[in-house]
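K.L.:
Next comes the sequence, and after it the predicted model I'd like to discuss.
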Amino acid sequence: MADAKLIDGKAFAAGLRSRVAAQVRALKENHNLTPGLAVVLVGEDPASLIYVGNKTKLTEEVGMKSVRHTLPAETSQKQLLTLVEGLNADPTIHGILVQLPLPDQIDEAAVLAAVDPAKDVDGFHVINAGKLSTGARGLVPCTPLGCLMLIKDVLGDDLSGKRALVIGRSNIVGKPMAQLLLAENCTVTIAHSRTGDLAGEAARADILVAAVGRARMVRQDWIKEGAVVIDVGMNRLPPDEPGKNGKLCGDVDFDGAKQVAGAITPVPGGVGPMTIACLLQNTVTAACALNDIDVPAVG
């Protein structure tokens with residue numbers, strides 16, 4: 001069969017950001033409301049600095065208020081919680097994101113729990129996790145939300161009856177991804193690195209989401225012909241691997257998988273750009289909910 005359709009997450013994310021910008025303009029014009037996103041960074045982790053910089057830039061590009069708090073690595077948990085408390089109380093801030101990881105002296109769970117669930121645009125608070133698991137409306141983690149958008153762009157809005165396999169059980173991607181697919185009436189299996197006959201589980205899946213954090217773990221012969229493959233992994237190959245020079249790769253052996261799958265995301269350029277775009281969409285959603293406004297519909 002021909003190579004799989006390449007799912008262009010970069011292009012889809014650009015379109016989503018354009019729609020968010022239109023929503024922001026509508027909120028300003030019709031309700032005098034500017035959605036505001038606050039990002040908190042503790043320390044100077046290089047990857048976090050780049051990620052936060054991208055978030056700040058794209059937040060401003062869509063016309064939202066962007067507030068960035070950069071704290072020294074020695075910041076205490078009490079100091080961070082005080083800042084979060086202030087952001088919770090600030091009516092101009094509708095989304096709060098505390099960049100992970102945090103330094104060792106800070107309890108990440110305690111900080112995430114301190115964020116107002118209505119402003120938890122990462123979707124990590126236990127209240128939002130509970131809402132997702134029970135079918136109630138809440139803020140959904142950005143990466144799984146972006147994955148679902150990409151899946152529907154390929155298969156359409158009706159995913160009823162599709163067999164879906166999620167490889168990975170993290171609170172950030174695996175578990176919420178499974179809940180989202182269940183809500184779409186898929187038959188969902190959650191697997192992980194210790195699953196018996198993982199290849200057999202994968203071979204039955206119409207939709208395969210790989211989020212296990214192991215470079216090229218999912219091989220060509222695991223994949224059902226015509227399946228939609230969403231690769232959430234972001235791994236760096238060893239610099240001594242011939243011809244690779246430490247380049248990025250996903251959890252799926254892309255070169256092999258594209259010969260079998262019906263559609264597949266590349267790494268990079270697939271799921272990654274969707275995470276920030278969905279963060280911006282979540283901020284608009286939060287701003288509207290906090291002000292009892294329907295999210296503006298745009299073309």
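P.N.:
That came through, no problem.

K.L.:
Have a look at this protein and report the helix or strand with the lowest mean pLDDT.
P.N.:
When each helix and strand of the chain is scored by mean pLDDT, DSSP states H and E, strand 235-236 comes last, with a mean of 86.

K.L.:
which residues are in contact with it?
P.N.:
With CB atoms under 8 Å, 6 or more residues apart in numbering as the contact definition, strand 235-236 has outside contacts at 213, 214, 215, 216, 246, 247, 248, 249, 250, 251. In this view, the C-beta of every residue, glycine as well, is placed from N, C-alpha and C.

K.L.:
Sheet partners, orientation included, of it?
P.N.:
Under the criterion DSSP bridges, strand 235-236 sits next to strand 248-249 (antiparallel) in its sheet.

K.L.:
On the three-state scheme, the spatially most central residue of the chain is what?
P.N.:
In the chain, the centroid-proximal residue (CA atoms, centre = their mean) is residue 143; its distance is 1.3 Å. When classified by DSSP: H, G, I helix; E, B strand; the rest coil, residue 143 comes out as helix.

K.L.:
residues contacting it?
P.N.:
Counting by CB under 8 Å, 6+ apart, residue 143 touches 172, 173, 211, 232, 271, 274, 275, 278.

K.L.:
how close does the first one sit to residue 71?
P.N.:
Which is residue 172. Distance of residue 172 to residue 71, computed by CB to CB, to the nearest Å: 22 Å.

K.L.:
Please apply the same query to residue 270.
P.N.:
32 Å.

K.L.:
and residue 176, that one's in a helix?
P.N.:
Yes - under three-state DSSP, residue 176 falls within a helix.

K.L.:
can you give me the helices for the protein?
P.N.:
Taking DSSP state H, the helices of the chain run over residues 9-31, 46-61, 77-89, 108-114, 126-134, 142-155, 174-183, 198-203, 254-257, 272-290.

K.L.:
In the longest one, which residues are buried?
P.N.:
By that I understand helix 9-31. Neighbour-count burial for helix 9-31 flags 9, 12-13, 16-17, 19-24, 26-27 (criterion: 16 or more other CB atoms under 10 Å).

K.L.:
do the fifth one as well
P.N.:
Within helix 126-134, the residues that qualify as buried are 128, 129, 131, 132, counting by 16+ other CB under 10 Å.

K.L.:
For residue 157, see how far away the nearest residue to the last one once chain neighbours are set aside is.
P.N.:
By that I understand residue 132. Once flanking residues are discounted, residue 132 sits nearest to residue 179: 4.9 Å by CB to CB, 6 or more residues apart in numbering. From residue 179 across to residue 157, the span is 18 Å (CB to CB).

K.L.:
now residue 204
P.N.:
23 Å.

K.L.:
what about those two, which has more around it?
P.N.:
residue 204 (14 against 8; other CB atoms under 10 Å).

K.L.:
before we move on, the earlier item: which of the contacts of residue 143 tops the neighbour count?
P.N.:
residue 232 (31 neighbours).

K.L.:
Could you pull up the contacting residues of it?
P.N.:
Counting by CB under 8 Å, 6+ apart, residue 232 touches 143, 147, 168, 173, 209, 210, 211, 250, 251, 271.

K.L.:
What I need now is the residues you listed written out in a markdown table, including pLDDT for each item.
P.N.:
Shown next, in a markdown table, are these (pLDDT from 0 to 100):
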| residue | pLDDT |
| --- | --- |
| 143 | 97 |
| 147 | 98 |
| 168 | 96 |
| 173 | 97 |
| 209 | 98 |
| 210 | 98 |
| 211 | 97 |
| 250 | 94 |
| 251 | 96 |
| 271 | 97 |
